[in-house]
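Novice: Compute the structure for the input listed below.
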Amino acid sequence: MPAHPQALYQAAGLRAIETAAAEQPLMQRAGRAAADFAGELVADRQAPILVLAGPGNNGGDGFEMAMHLLDQGHDVRLVFAGDAAKLPADAAAARRRFLAAGGGEVAELAAIPDGVRWRLVVDALFGIGLQRPLAGRYAELAEAANALAARCRCPLLALDCPSGLDADTGAVRGGDSGCVVRASHTLTFIALKPGLFTADGPDCCGYLRLAPLALDAPALAPAGGETVAVAAFADHLKPRRRNSHKGTYGSAGILGGAPSMLGAAFLAGRAALQLGAGRVYLGLVDAAAPGFDPAQPELMLRSAAALLDTDLTALACGPGLGAGPAAVALLEAACARDLPLVLDADALNLLAREGNLEVAVASRSAPTLLTPHPAEAARLLDSEVATVQADRIAAACELAAQFNAEVALKGCGTVLASPDGRWRINTTGNPGMGSAGMGDVLTGLSVALLAQGWPAAAALAAGVHLHGMAADELARERGEVGLAASETIPVARRLFNGWIAGDA
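Specialist: Now for the predicted structure:
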């Protein structure tokens, strides 16, 4: 995993880079890089390789790649889905070089010999320029690529971006009914794109590699965002002074735990304690709640009202809070406290429902963190889940601006956004995290860092990254299925201490 954040570019930034580097032979470099990668995937030069080349510059990359593979002695078959007379100039030149090298092309997939056991299928149909859903013969070719790779059990390599995927957002063009190439490997050019890391992107890209094509992208155009990495918050990872005590590390409060939902508050509290908060108080809504947590007796349990009168350095509100009038009053009181505040779960649903709370949150002077999943984000934005998922970056940035808060829009490729418009995408985590209580653990991790004096954006980014990394380690050891939220807490603690020791 990269130790430092990596720049992410949307289409406008990439166009600026390409304009600045217009005199450089980018297509030739892309083709060479693609051929080299293909050579890693297919060591046997007699093994047949199928290249599907589209009508634009991505097709030109495919022609250039195929030419280099021919020069290396590979058995290459190419399907050209386009009109040679309408190819862009660079792509047309790449096609001429391919034909001059002895390459041949067919115009229809049906002309490909039956019974060939392909060792590699290459998607060079469309890159980042596609602005509409795949349709007609292009959809047929994309579906054929998926089917052939599955039938032959061979890699499916996408050049720059899997065809049919929006590289800016990670959404499949056309939504649930859209067609997309589902690659096992993706070689992306010049710079990383956010859509490769969030929403449907990771499922469509498979293993991802960057070929910068001898360009220094940040020197040519500013990045729109970046990935999350430990180096981004390394300045806050400091060994503890020997001359310190529990008061040095803050007091975190967790407000929640209505009847039948005590577990949410306990998970958050245990996570906060094990990530180093000096004291952790649970303010429980359930009047019949136990007086202590037998699994973590260090937690200090009290009523929700009593917690609001406790001297705290950070507060989290929402895990198992409930939805009634009492919960609304508690949330109002929490928002009025002049200290860093994490809002999750029931607190977010109340925030979406009660208009006066939006004003209260947006006008807070102390930092606020919101950690919605897509359905909660849709409620907060008075939108639909499909709309949120169609552009997760835009949704997260809108939430951050609307509520003057640091936001983590959870999901595949959690998007972090700040009120000033900055955004990042987290690359840790796996589908095993789709189980109850994971959000409560994240709340606890984040409030623990806030209690210890971390800045809001760093606390949220570190909490999200650490939580996903803990889940990834557990998935490697035991598999994704059945991963429980409570399992991630001790692993997160160990990894966090490793970060402080410089093991990251």
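Novice: Now do the buried residues in whatever helix or strand residue 331 lives in.
Specialist: Taking DSSP states H and E as the definition, residue 331 sits inside helix 325-336. Residues of helix 325-336 classed as buried: 327, 328, 330, 331, 333, 334, 335 (neighbour count, 16 or more other CB atoms under 10 Å). (Each C-beta comes from the backbone N, C-alpha and C, glycine too.)
Novice: who does the helix or strand following that helix pair up with?
Specialist: Per DSSP H and E, the first helix or strand lying C-terminal to helix 325-336 is strand 341-343. Using DSSP bridges, the strands paired with strand 341-343 are strand 314-317 (parallel), strand 368-370 (parallel).
Novice: Dump the helix holding residue 331 to PDB, restricted to CA.
Specialist: Extracted C-alpha coordinates of helix 325-336, given in PDB (Å, rounded to 0.1, in the frame of the first residue of the first chain):
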ATOM      1  CA  PRO A 325     -38.600  13.300  21.100                       C
ATOM      2  CA  ALA A 326     -36.100  12.400  23.900                       C
ATOM      3  CA  ALA A 327     -33.400  11.600  21.300                       C
ATOM      4  CA  VAL A 328     -34.100  14.900  19.500                       C
ATOM      5  CA  ALA A 329     -33.600  16.800  22.800                       C
ATOM      6  CA  LEU A 330     -30.300  14.900  23.500                       C
ATOM      7  CA  LEU A 331     -29.000  15.700  20.000                       C
ATOM      8  CA  GLU A 332     -29.900  19.400  20.400                       C
ATOM      9  CA  ALA A 333     -28.000  19.400  23.600                       C
ATOM     10  CA  ALA A 334     -25.000  17.600  22.100                       C
ATOM     11  CA  CYS A 335     -24.900  20.100  19.200                       C
ATOM     12  CA  ALA A 336     -24.800  23.000  21.800                       C
END
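Novice: And the average pLDDT for it is what?
Specialist: For helix 325-336, the mean per-residue pLDDT is 97.
Novice: so what does it touch, helix or strand wise?
Specialist: Helices and strands touching helix 325-336, by 3 or more CB pairs under 8 Å, 6 or more residues apart in numbering; DSSP states H and E, are helix 304-308, strand 314-317, strand 341-343, helix 346-353, helix 355-362.
Novice: what ranges do the helices span in the stretch 201-350 of the chain?
Specialist: 201-205, 217-220, 262-274, 304-308, 325-336, 346-353 (DSSP state H, counting those that start in this stretch).
Novice: Correction: the previous question concerned the stretch 51-200 of the chain.
Specialist: All helices of the stretch 51-200 of the chain, identified by DSSP H, counting those that start in this stretch, fall at 57-71, 89-100, 136-152.
Novice: roughly how far out does stretch 221-230 sit from the chain middle?
Specialist: Stretch 221-230 sits 12 Å away from the centroid of its parent chain (CA atoms, centre = their mean, to the nearest Å).
Novice: Give me the contact list for that stretch.
Specialist: Contacts with stretch 221-230, where a contact means CB atoms under 8 Å, 6 or more residues apart in numbering, come from 1-10, 12-14, 16-17, 20, 191-192, 194, 197, 217, 232, 237, 393, 416, 422-428, 461, 464-465, 499, 504.
Novice: That stretch: which residues count as buried?
Specialist: Buried residues in stretch 221-230, counting neighbours by 16+ other CB under 10 Å, are found at 221, 223, 224, 225, 226, 227, 228, 229, 230.
Novice: count of neighbours near residue 272?
Specialist: For residue 272, the tally of surrounding residues (other CB atoms under 10 Å) stands at 33.
Novice: So that it lines up with my notes, have the first residue be 22 from now on.
Specialist: Sure, I'll start counting at 22 from here, so that last one is residue 293.
Novice: Quick check, it in contact with residue 301.
Specialist: Yes: using CB atoms under 8 Å, residue 293 and residue 301 qualify as a contacting pair, with a distance of 4.8 Å.
Novice: Quick check: end-to-end length of stretch 226-238?
Specialist: Distance between the two ends of stretch 226-238: 21 Å, counting by CA to CA, to the nearest Å.
Novice: quick one: contacts for the closest residue to residue 388 other than its chain neighbours?
Specialist: Counting by CB to CB, 6 or more residues apart in numbering, residue 477 is the residue found nearest to residue 388 once chain neighbours are left out, at 3.6 Å. Residue 477 makes contacts with 361, 388, 389, 390, 427, 471, as judged by CB under 8 Å, 6+ apart.
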